[in-house]
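In: sequence below, structure please.
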Amino acid sequence: MKEKITSSQNKRVKQWRALTTKKGRKQAQTYLLEGWHLVQEAIQARHPLTAILGTADQLAAHADVLPADVDQFELTDSIAKTIGDANTPQGIFATVPITATAPVDPQTVQGGWLFLDQVQDPGNIGTMVRTADAAGLTGVVFGLGSASRYLPKVLRSMQGSQFHIQLVEADLHDWIQTFTARHLPVYGTNLDPQAQDYRNVDPVTTGAVVMGNEGNGMAPDLQRLTTRNLYIPIKGQAESLNVAVAAGIVMFRLFG
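Out: Presented below is the predicted three-dimensional model:
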């Protein structure tokens, strides 16, 4: 089905706008992908979509790729500019259901995992997910207190990597304790007297690294559960590294 929408007061338009808010996503159990790159990544990954919306030019430009079994809504340029929250809107979107996925069991998972402990900045989260994807990790666990993976800025900064690796929301206490019970290494990233230079740690095939909150680092109770904490030597005068940069360095060392 293809429908043309010309009124900004259309009920659907109001629903799509609401998907940029937590309340709107919760009510609709749907989130919004903004921009062709993300829409294309979802299509290529055969991720379920409930609708594709865009200006006439955008829908025409990508007509050969858009799935025929997904409803399309043609928007005027002015309406398209009011949907989403990108500074430079491209005029094409997709709506995606927030569906209950099969539970991921830390007792059986394999490969490298990134654990996020109360990480708040959307750009940092997206960059870390993309880097985890690039380094060949299996997945990322969003611990309690981390920003939502459905935030528009998180979605944009992940750049489609969310369709390539597993994303899980869970209590990190459970995951860390399960990994260590399986004799799998879980490395923290806070500096303490026993912390080890990350360059002196051998790569692993299955294990995890924990990245903590931008201002406070890892929660103390999580630090006590890790196999070991790692640090990255700083040679210059900078006080610290950005959490996403530090995560990239450690992930490529441990799993890349």
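In: rest of the way, CA atoms for contacts and neighbours
Out: Noted.
In: run through the bridge partners of the closest residue in space to Ile165 that isn't next to it in sequence.
Out: Setting aside the residues directly before and after it, Ile165 is nearest to Gly139 in space (Cα to Cα, 6 or more residues apart in numbering), at 5.2 Å. Bridge pairing for Gly139 (DSSP bridges) gives the partners Trp113, Gln166.
In: Thr55 too?
Out: Beta-bridge pairing of Thr55 under DSSP bridges involves Leu75.
In: quick revisit: okay, now the residue nearest to Ile165: neighbour count?
Out: The number of residues packed near Gly139 is 23, by other Cα atoms under 10 Å.
In: OK, contacts around it?
Out: 112-114, 132-133, 165-168 (Cα atoms under 8 Å, 6 or more residues apart in numbering).
In: and Thr95, by the same measure?
Out: Thr95 is in contact with 30-33, 49-52, counting by Cα under 8 Å, 6+ apart.
In: could you pull out the helices in the stretch 101-250 of the chain for me?
Out: 122-134, 152-158, 172-181, 220-223, 243-254 (DSSP state H, counting those that start in this stretch).
In: let me know which of these is the nearest to Arg25.
Out: Arg25 lies closest to helix 152-158 among those, at 10.9 Å (Cα to Cα).
In: let me see the domain layout of the protein.
Out: Annotated domains of the chain cover 2-97, 112-254 [automatic domain parsing].
In: now tabulate these in a markdown table and tack on mean pLDDT and distance to Asp105.
Out: Putting the domains of the chain into a markdown table (pLDDT from 0 to 100; distance: least, Cα to Cα, whole Å) gives the following:
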| stretch | mean pLDDT | distance to Asp105 |
| --- | --- | --- |
| domain 2-97 | 94 | 22 |
| domain 112-254 | 94 | 9 |
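In: nearest to Val104, out of those?
Out: Nearest of the domains of the chain (Cα to Cα): domain 112-254, 7.3 Å.
In: can you give me the end-to-end span of the closest one?
Out: Domain 112-254 stretches 8 Å from its first residue to its last (Cα to Cα, to the nearest Å).
In: distance between it and the chain's centre?
Out: When distances are taken as Cα atoms, centre = their mean, to the nearest Å, domain 112-254 is centred 13 Å away from the chain's centroid.
In: ok, so what distance separates the nearest residue to Met211 once chain neighbours are set aside from Leu155?
Out: Once flanking residues are discounted, Met211 sits nearest to Leu116: 5.2 Å by Cα to Cα, 6+ apart. Between Leu116 and Leu155 the computed distance is 16 Å (Cα to Cα).
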